[in-house]
Structure formats: C-alpha cells, structure tokens
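sequence and predicted structure are below.
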Amino acid sequence: MNFLLHFLATLLVFLLLDVVWLKFLIGGLVEYPFVTRYGYPPNWALAEIYYVLFSLWLAFGAAYKSMVYNNVAPAFLDGWRVGFRVGVLYAAVNIVFVAQWPLELVVLDVAWVTLSTALAAVASYAIGLWLTSGGSQVRRR
C-alpha cells in the first residue's frame, strides 16, 4: 500500500510543480496552450502517460535509491540529470516542429524541467521516508 501512496503523492507533487510553471511562472510569456496557435491541439492521453511514467521513475527510480542509502543527494542528482535530458529533448522536438519556438522559451523551459524534476525527486524521497518511518520497508545496504 505504501508503494501506491508513494506513487500517487509523487504524481501530485510533479503535477503541482507543472501547474505552478504553466499558470504562474511562464503564463505571461506564452499563450496556453502554446502549440494551439500553430494548429496542434494538446494530446492529453499522451500527457497523462508521460506524467504517470515519469512519476513512477521519480518514486521508484530516483527516490528509492536515495532511501536505500539514506541520502538525498542521489535523488537530487538523478532528477537533475534526467530532467535536463528530458527538457533538452522536449525543446529540440519543439524547435523542429514549431518553427517559431523562441530561444528564450527553450532556455527557460529546459532550466525549469531540470530544476522541477530534481525538486520532485527530492520531494518523492521525503515522501518515501515519511511513509516508511517507524519500520522501514527499505533494505539498507
């Protein structure tokens, strides 16, 4: 049961970070959804799959490793590295398919995805520790 709660809480954190980004931080820079100006409606089913898979990786990839070593650094660094790679890939796809994708938006978006993924991994680590406190189900090495 803790695994399901860990995943759902991580998903919620990841979604909230994206809402903060899309609604409050970058809202004045682009019209939401940005791509609809160019005739591409959002693919919500694909977005849901992305959030679920990414949250699974955050909870059971980055955070779990940190829980095993009882150290937040692996979660932060894994989140940072994967966030940067995903951000660059996303920006590259948008540059290729949305010709008018501004460079300012590319830089800001890559930086945000990198930071938010690292923060979500750290939050997932904290959630995992909280859920397993008082009798950890994580095996320490």
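Yep, that arrived.

which is the next helix or strand following the helix or strand encompassing Ala92?
Here Ala92, judged by DSSP states H and E, is contained in helix 73-97. Following helix 73-97 in sequence order, the next helix or strand is helix 103-132 (DSSP H and E).

packing partners of that next one?
Judged by 3 or more C-beta pairs under 8 Å, 6 or more residues apart in numbering; DSSP states H and E, helix 103-132 is in contact with helix 2-19, helix 64-69, helix 73-97. Placement of C-beta: from N, CA and C, glycine included.

with mean pLDDT as added columns, please give those in JSON lines.
Below are the helices and strands packed on helix 103-132 laid out as JSON lines (pLDDT from 0 to 100):
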{"stretch": "helix 2-19", "mean pLDDT": "92"}
{"stretch": "helix 64-69", "mean pLDDT": "89"}
{"stretch": "helix 73-97", "mean pLDDT": "92"}
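
what packs against the helix holding Ala92?
helix 64-69, helix 103-132.

out of the ones you listed, nearest to Ile26?
helix 103-132 (6.6 Å; C-beta to C-beta).

that closest one vs helix 2-19, what angle?
150 degrees (axes from the mean of the first three to the mean of the last three C-alpha atoms, to 10 degrees).

re the thing from before, out of the helices and strands packed on helix 103-132, which one sits most buried?
helix 64-69 (a mean of 19; mean count of other C-beta atoms under 10 Å).
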